[in-house]
Structure formats: C-alpha cells, structure tokens
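>>> return a 3D structure for these sequence lines:
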Amino acid sequence: MFLSEVTDGIDGKLIRDGEFQTLEYCTGRLEVPFLTFMGNEKFIHSMSPYASCVLCSREFVGRLPENIQGVYMTDAPKEAFQKIHNRLKDDDRYRLPLKENRIGADCRISPKAGIAPRGVEIGDRVVIEDNVTIYENVRIGNDCIIRSGAVIGGKAFTFARTANQGILSMEDLGQVVIGDRVEIFSLSHIAKGILPTDVTYIGEDVKIDALVQIGHGTVIRERTLVAEGAVIAGNVFIGEDSWVGINATVSNRIHIGRGSRVSLGSVVTKDVPDGQTVTGNFAIEHTHFIRNLKELILKNGN
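Numbers count the residues shown, from 1 in each chain. The predicted model follows:
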C-alpha cells in the first residue's frame, strides 16, 4: 500500500510518498515496512527501523530518521492513524483472513454458547459452558475450560478525542490466543487486539478467576494466576508464575516480571521487577508499604 492511497481525504499534506505493508506503533517490534504516527518527540530516537511511512505534525517533518520513505504532515497524526486503520478494516491486504472454524476432538460446547461463524479455532477436549461468547480471530488451545458468561475476543476500549471534539473508536482487527490448559471463570472478558498484528495472549496453565477484565494486546505468560475482579489494562505484560490479587488494577503498558505478586486491591502504575511483591494505591514494594504503614500507625498513636 502507498501512503498517498490511504491518506486521500484526510486533512493534511503529502510531503513525499512511500510504501508500507501494515500499521504499527512507532516503537513496535514488527519486522516489515509499516505506517506509523509521531506525536511525541521522545519517540524519535527509539522509532523502529522498519517504520517506512510516518504521519506527523509540521515540527517533526525535518527530524525523522533517514530510513523514512513516506511523510504525511497533519495537525492530528494519531487521529489520522486511527482513521486509516478503520478505513482498511475490510481490505484483504490489511485485515487477517477469516478462516473456517475448526473445533477439535472430544469438546463439550454448550448449545447456549455463541461462537462466531468464522475465524475461531478450538483445540481438543475444550469445555465451553452456557452463555460464553467467542468472537472472530480467537484461538483456544487444548484442555481449556471457559466458564459461563465469559467473553473472549470482545470489543477493546479504544476511544480517542478528535480535533473537532468528537470521539473516535478503532476497529478491532487483532487476535486472542489462549494456550493449553487455561481456565477462564464466569463473566470475565478478554479483549481482542486492535491492529492486525496485535495479539492478546494467555499462556499455558494460566487461571483467570471470575469478573476479570483483560485489555487488548495484553500478554499473560505461563502459570500465572489472576484472582477475582482484577482489572488489567491494555498492552500489559505479566511474566511467568506471577500472581494478581483480588480487585487489583494494572495500568496500561505496565511490565510485571516473572514470579511477581500484586497484592489484593493494589493499583500498579510502575513496572514491577522479577520476583517482587507490590502493595497499595499506588503500589510500591511490599516491605516498604508495611514499613510506611507501621510508621504512620506509630505517628498517630494507634
């Protein structure tokens, strides 16, 4: 695809044309030529070498890396990026192909479950209970259990305010991939990735309790346990063998290391190193939290 082709009708000016295969965020790890946007100068020097075309404001036009082929100048680069993504939703060059459903052997799927007519792959010996909803572009491994009312591949909360005070939603064109022996309890929601290259990934032997929200593009690695009511925002990474406690909240794009623990009710706004336990709102290392709490109690004489 060419930049001149997809920007037709979008406010701005084509500085020079270029070619790309898909859309990606500027620091993404995708290793094919992609179109991105630049809205913050802190990303200029960390931009992927595979970014071939950029949507940006006037201040960045002359500061882009030499590998950039195509440049489109616009006052609202992020909005332009979202509009291009939405207009390509039915373009076979961009969206994922919707294959025929494949359901493995010895599955027990409730007749009350709702499964998209295409784009769903279910492994062997999978149990899907009443009122489960599974949308397109979902792959479920072997020996999984999806309990009543869970939603897999549902709409991501991807809204942004536009220059004219409107609100723009992005189409969900990514995937959900669930490994073997995963259990997802009642009324939990796992949102689909947004860009075609985005994958919401739940690793092998992960167990997700009831009423858990998992945002788009989040990766939860193997053997992690997520307790009831946890809210995990989009693009979070949680390492192997971790624990997320009851009603914990993890903010967008947080990295939680392997073997870590998020205590119940914690609000995590900073990355958590491997093996660390964090507690509180906002969450800090657990022993520091306890020390601060004790000092506060002594200070108040209680």
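
>>> hey, let's count contacts and neighbours off CA atoms from now on
Fine.

>>> point to the residue nearest the middle of the chain.
The centroid of the chain falls nearest to residue 217 when counting by C-alpha atoms, centre = their mean (1.8 Å).

>>> which stretch of helix or strand covers that one?
Using DSSP states H and E, residue 217 falls within no helix or strand.

>>> now do whichever helix in the chain runs longest: everything it contacts.
Using DSSP state H, we find that the single longest helix of the chain is helix 286-300. Applying C-alpha atoms under 8 Å, 6 or more residues apart in numbering, the set of residues contacting helix 286-300 from outside is 277, 278, 279, 280.

>>> list the contacts of the third one.
Okay, so that is residue 279. 262, 263, 264, 265, 266, 267, 285, 286, 289.

>>> mind running it again at 10 Å?
Contacts for residue 279 were tallied using C-alpha atoms under 10 Å, 6 or more residues apart in numbering; they are 245, 248, 261-268, 285-290.

>>> and these, which of them are buried?
By neighbour count, with 16 or more other C-alpha atoms under 10 Å, these hold 245, 248, 261-268, 285-286, 289 as buried.

>>> pick the one among these closest to residue 1.
Checking the buried ones among the contacts of residue 279 against residue 1 by C-alpha to C-alpha gives residue 268 as the nearest, at 39.8 Å.

>>> quick one: the closest one and residue 283 touch, right?
Yes. The criterion here is C-alpha atoms under 10 Å, and residue 268 meets it with residue 283 at 5.1 Å.

>>> between the two, which contacts overlap?
Joint contacts of residue 268 and residue 283 (C-alpha under 10 Å, 6+ apart) are 248, 249, 250, 262.

>>> any stretches of this structure with poor pLDDT?
Counting by pLDDT under 70, the chain contains low-confidence residues at 301-302.

>>> what do you get if the cut-off is 50, keeping everything else the same?
For the chain, no stretch has pLDDT under 50.

>>> thank you, goodbye.
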